[in-house]
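*Asks:* Below: sequence and its predicted model.
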Amino acid sequence: MQNYTLKDIALAVSGKLMGNPDVSVSHLIIDSRSAASPNDSIFFAIQGIHHDGHKFIADLYQKGIRSFVAVQKALPDFSKFADANFIFVENTLDALQSLAAFHRRRFSYPVVGITGSNGKTVVKEWATQLMHGEKKVVRSPRSYNSQVGVPLSVWLMSPENDVAIFEAGISKPSEMHRLEHILIPDIGIITNIGAAHQENFNTLRQKLQEKMILFEHSKVIIYQIDNSLINEEVHNIPLKGKQLFTWGTSKDASLTILKKEVAAHTMLTLSYAQETFTAEIPFTDDASVENAMHSISLLLVLGFTPELIEERVKKLIPVAMRLEQKEGINNCTIINDSYNSDISSLTIALNLLNNQKFSKRTLILSDIFQSGKSNQELYSEVARLVKEKQVDKIIGIGTAISANEAQFTGIEKRFFTSTDDFLHSYHKEDFANEAILLKGSRSFQFERISRQLERQIHQTVLEINLNALVNNLNYFRSLVKPTTKFVAMVKAFSYGSGFYEIASMLQYQRVDYLAVAFADEGVELREAGITMPIIVLNAEPGSFDLMISYNLEPEIYSKTALTRFRDAAVRAGVTCYPIHVKLDTGMHRLGFIEEDIDELIAFLKDDEQLKISSIFSHLAASDEAIHDDFTNQQISLFSRLSSRIIDKLGYHINRHILNSAGIERFPSAEFDMVRLGIGLYGVSAANQPKLEMVSTLRSTIVQTKDIPPHESVGYGRKGKVETPKRIATIPIGYADGLNRRLSNGVGKIMVKGKLAPIIGNICMDTCMIDITDIDAHEGDEVTIFGENPTIMDIASWIGTIPYEILTGISRRVKRIYIQE
């Protein structure tokens, strides 16, 4: 663990220290949710386009944090934080990176920098697996390769390590110079070059040239010689003092592939330094072979023998690239993180556990390997971390952690020497109303525990990518002014994606409002711990009293609703209660029309009970260019009517009319707020490639069979078989949300990279697909929608809209929330 005084840090970042120079810190915090060790932590108030860490300083101060790196002009009232220490700088991101660069220069052991479009994380993890027991490796947690992630990774370097492996990722020009200054890698690896993050570069070559900046001071560069573009650009940089270590099929490569045989595994015959050896890679896809070859090359550069590599490469295990969150038995939440098991990744996972809505938090933890520490030292640190993160119960699995049971004090605890021992003693009644983190090394097979703890074992799952959700939010934020507020639509179970998990992420992202359809949805969010403002769009008079008691804000669309809600406010004894007035500008669904405006103004002019928080309207066809004239008429009418109300009432009222399509197509009408609905989940009216699909619906083949000619498949014998066919049965039907109109070849399901048509009528719980030309078997995964086919494809096949596809997914389909 690193320890620096505030005086040291101020010098490293060229900052002005206001406070005690002798305070010692060891933890860097950029996320207010991870502030679990206040006494020795320092918070960097990072400022971004859509985010300002200075807004979190007051909350962190209340949590006990007393050391901050901030911009003084962004915090003019800093003196109100008694006994706090501030280091003031011009730019907090620059300061974080400067501190990391300062820390990096304390160490002389080899630093490996990995860049490329794909494969960085796998190469890092596989190289670490191959070096296990020989080198004490410090590496980037998960995919920490950004302008913030790299300095946080470097901060993990300590004298007990022998080698460091860090990822470096970029998304636009000029970023790699900053990362290179931090890392100064001795050894560089360029994995490949592809389309990822291409939007800010004119050509692949330009992006590759930016990535190559990472190797400015490297002594060795590792790359695939068969990639002509990479090979050409490597030779365009100054190579004096650099060794090029290449691999590939070329005889000029440092490590040559002489022969490649693919069966159940991939067997490579390799030549290195006039010696021939084999590498049995337990994967068959090209990407895995490429990643393995980069890892093997790194080990050779570091002096490992071909004999050791030959023995270890056959034991490579897959790298889980994401953390999964699932519903558990007895009202539990399961967080499954089998990415890797070390202190840094445990800290990240515990931060997520600590942010769950449950009052009880349980950690199921296996032995930790490759720590470079004695077991006593390691589990003493784990015990400290568990206490800091306010874990209520720990279940330790493994001989090493069990032998250190005494380290864990003041906590409910149970220990088992193996996963089998735990499962033999398992009773589902032991777990209820708690958040459970599974953190285990892959050899412990914690997926067996996860299956026991999951509430639904339905093989059909809807994956919700929370990283994609944030990406989409930030895309729409980039289209409007920084001051424009956002209302995020989470009605209809967040378009089928789940309530609390989506709302919690949006609350953290500082969205201004959530909007639900009915009061019950708002109550559910409040009871789950969501505190931000919530608008109820279909506010029914019978729920008005309930809404006030849960601090929910109603849409008011008629004089009747206005009168009855005012009566509820009088009964509750509240004043200036926020309401949201809806105007009908042409949608003709709900809302006040122009003839109602004078009466509305008169009612609210001197009213003490109610206060308009926003005025809004709905666009009827903002996604269709054919109706643009009508949309502009709506916007014009809304502007005129809302201005009239504001002028008469005499106070500021937020206005909003744009939905997702409107934000993309009519940005000049953003007013004070915009409403983000389907766009949040990856649907663009402008076919914008920057949006990512948030939801992926997957299932599994449960049976395959051959059908002879003149037979039929499914109810009503609608699936006529004229020639021999092979079909597969999938456990998803119309009760799960697979629309029955997709029957009989209308819909298609992705299997092994090919679209398989649905054959016959879709059943309630299953459907059948034609896999005659696809090499598919029982247990193979299939995709109903996601990247391909998309929900837009599904909607177009049956003549509907993506909203219907998303919201139609039944609650019996298990939701899995993933974060990378």
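*Replies:* It's in.
*Asks:* okay, now the domains of the chain?
*Replies:* 4-92, 107-313, 336-453, 464-681, 695-819 (automatic domain parsing).
*Asks:* closest one to Arg322 among those domains?
*Replies:* Closest to Arg322 of these is domain 695-819 (C-beta to C-beta; 4.4 Å). Every residue, glycine included, has its C-beta placed from N, CA and C.
*Asks:* Show me where the protein dips below the pLDDT cut-off.
*Replies:* Applying pLDDT under 70 to the chain picks out residues 1, 35-36, 321, 338-341, 370, 372, 456-458, 492-498, 820.
*Asks:* Tell me which helix or strand the residue most central in space within the chain sits in.
*Replies:* Central residue of the chain (C-alpha atoms, centre = their mean): Asn467, 2.6 Å from the mean position. For Asn467, the element it lies in under DSSP states H and E is helix 466-477.
*Asks:* Which residues belonging to that helix are considered buried?
*Replies:* Neighbour-count burial for helix 466-477 flags Leu466, Ala468, Leu469, Val470, Asn472, Leu473, Tyr475, Phe476, Arg477 (criterion: 16 or more other C-beta atoms under 10 Å).
*Asks:* circling back to that earlier point, mind putting the domains of the chain in JSON lines, distance to Pro689 included?
*Replies:* Shown next, in JSON lines, are the domains of the chain (distance: least, C-beta to C-beta, whole Å):
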{"stretch": "domain 4-92", "distance to Pro689": "20"}
{"stretch": "domain 107-313", "distance to Pro689": "7"}
{"stretch": "domain 336-453", "distance to Pro689": "28"}
{"stretch": "domain 464-681", "distance to Pro689": "10"}
{"stretch": "domain 695-819", "distance to Pro689": "12"}
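*Asks:* Which of these sits closest to Lys326?
*Replies:* Nearest to Lys326, of those and by C-beta to C-beta, is domain 695-819 at 5.2 Å.
*Asks:* Please tell me I have it right and Ile335 contacts Glu324.
*Replies:* Yes. With contact defined as C-beta atoms under 8 Å, Ile335 reaches Glu324; the gap is 7.4 Å.
*Asks:* Return the set of buried residues in the helix or strand where Ala503 lies.
*Replies:* Using DSSP H and E, Ala503 sits in helix 500-508. By neighbour count with 16+ other C-beta under 10 Å, helix 500-508 contains the buried residues Tyr500, Glu501, Ile502, Ala503, Ser504, Met505, Leu506, Gln507.
*Asks:* what's the closest of those residues to Asn236?
*Replies:* Among the buried residues of helix 500-508, and counting by C-beta to C-beta, the member closest to Asn236 is Met505, at 42.9 Å.
*Asks:* who's in contact with the closest one?
*Replies:* Leu466, Leu469, Val470 (C-beta atoms under 8 Å, 6 or more residues apart in numbering).
*Asks:* now these as a markdown table including distance to Gln147?
*Replies:* What follows is the contacts of Met505, written out as a markdown table (distance: C-beta to C-beta, whole Å):
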| residue | distance to Gln147 |
| --- | --- |
| Leu466 | 21 |
| Leu469 | 21 |
| Val470 | 16 |
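*Asks:* What lies in contact with the helix or strand following the helix holding Ala503?
*Replies:* Using DSSP H and E, the next helix or strand after helix 500-508 towards the C-terminus is strand 513-516. Contacts to strand 513-516, defined as C-beta under 8 Å, 6+ apart, come from residues 485-491, 503, 506-507, 522, 525, 530, 532-537, 673, 675.
*Asks:* What ranges does the stretch 651-800 of the chain have for its helices?
*Replies:* With DSSP state H, counting those that start in this stretch as the criterion, the stretch 651-800 of the chain has helices at 660-665, 791-797.
*Asks:* Show me what the helix of greatest length in the chain is packed against.
*Replies:* Counting by DSSP state H, the longest helix found in the chain is helix 628-649. Applying 3 or more C-beta pairs under 8 Å, 6 or more residues apart in numbering; DSSP states H and E, we find helix 628-649 packed against strand 577-583, helix 597-604, strand 610-617, strand 654-656.
*Asks:* Can you lay out these as CSV showing distance to Asn761 and mean neighbour count?
*Replies:* Putting these into CSV (distance: least, C-beta to C-beta, whole Å; neighbours: other C-beta atoms under 10 Å) gives the following:
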stretch, distance to Asn761, mean neighbour count
strand 577-583, 42, 23
helix 597-604, 52, 16
strand 610-617, 42, 22
strand 654-656, 44, 22
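*Asks:* Output these in TSV; the columns should cover distance to Ser140.
*Replies:* Output for the helices and strands packed on helix 628-649, formatted as TSV (distance: least, C-beta to C-beta, whole Å):
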stretch	distance to Ser140
strand 577-583	45
helix 597-604	56
strand 610-617	43
strand 654-656	41
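*Asks:* Looking at these, spot the one closest to Val137.
*Replies:* strand 654-656 (51.1 Å).
*Asks:* Partner strands of that closest one, with direction?
*Replies:* strand 610-617 (parallel) (DSSP bridges).
*Asks:* what's the spacing between the strand it pairs with and its chain's center?
*Replies:* Distance of strand 610-617 from the chain centroid (C-alpha atoms, centre = their mean, to the nearest Å) equals 33 Å.
*Asks:* and the angle from it to helix 628-649?
*Replies:* 160 degrees (axes from the mean of the first three to the mean of the last three C-alpha atoms, to 10 degrees).
*Asks:* Quick check: the gap between the residue lying farthest from the centre of the chain and Lys725.
*Replies:* Distance from the C-alpha centroid of the chain, by C-alpha atoms, centre = their mean, peaks at His710 (49.0 Å). Noted for His710: a distance of 11 Å to Lys725, by C-beta to C-beta, to the nearest Å.
*Asks:* go on, Gly808?
*Replies:* 29 Å.
*Asks:* who has more neighbours, the two?
*Replies:* Neighbour totals were compared for Gly808 and Lys725, and Lys725 leads with 20 against 15 (other C-beta atoms under 10 Å).
*Asks:* if we can go back for a sec, of Ile335 and Glu324, give the one with the bigger neighbour count.
*Replies:* Ile335 (24 against 18).
*Asks:* what sits against that one?
*Replies:* Leu323, Glu324, Gln325, Ala349, Leu352, Leu353, Gln356, Ala435, Ile436, Leu437, Leu438.
*Asks:* Would you mind giving the secondary structure of the closest residue in space to the fifth one that isn't next to it in sequence?
*Replies:* Distances taken as C-beta to C-beta, 6 or more residues apart in numbering place Ile335 nearest to Leu352, at 6.1 Å, with adjacent residues excluded. Using DSSP: H, G, I helix; E, B strand; the rest coil, the structure places Ile335 in strand.
*Asks:* and what of Gly396?
*Replies:* strand.
*Asks:* and it, what does it touch?
*Replies:* Counted by C-beta under 8 Å, 6+ apart, Gly396 has contacts Leu365, Ser366, Ser402, Glu405, Phe408, Lys413, Arg414, Phe415, Phe416.
*Asks:* what comes up buried for stretch 789-809?
*Replies:* Buried-residue list, stretch 789-809, by 16+ other C-beta under 10 Å: 789-792, 794-795, 797, 802-803, 805-807, 809.
*Asks:* Kindly report the same for stretch 197-208.
*Replies:* Result for stretch 197-208 [16+ other C-beta under 10 Å]: buried residues Gln198, Phe201, Lys207, Leu208.
*Asks:* so the third one makes contact with Ala195?
*Replies:* No. The pair formed by Lys207 and Ala195 falls short of the contact definition of C-beta under 8 Å, at 9.3 Å.
*Asks:* Leaving out sequence neighbours, find the closest residue to Gly241.
*Replies:* Lys219 (6.9 Å).
*Asks:* can you pull the contacts of the one you found?
*Replies:* Asp186, Ile187, Gly241, Lys242, Gln243.
*Asks:* most surrounded residue in the residues you listed?
*Replies:* That'd be Ile187 among the contacts of Lys219, by other C-beta under 10 Å, with 23 neighbours.
*Asks:* For that one, give me phi and psi.
*Replies:* phi -120, psi 130 (degrees, to the nearest 10).
*Asks:* Could you point out the bridge partners of it in the sheet?
*Replies:* Under the criterion used (DSSP bridges), Ile187 bridges to Val112, Val220.
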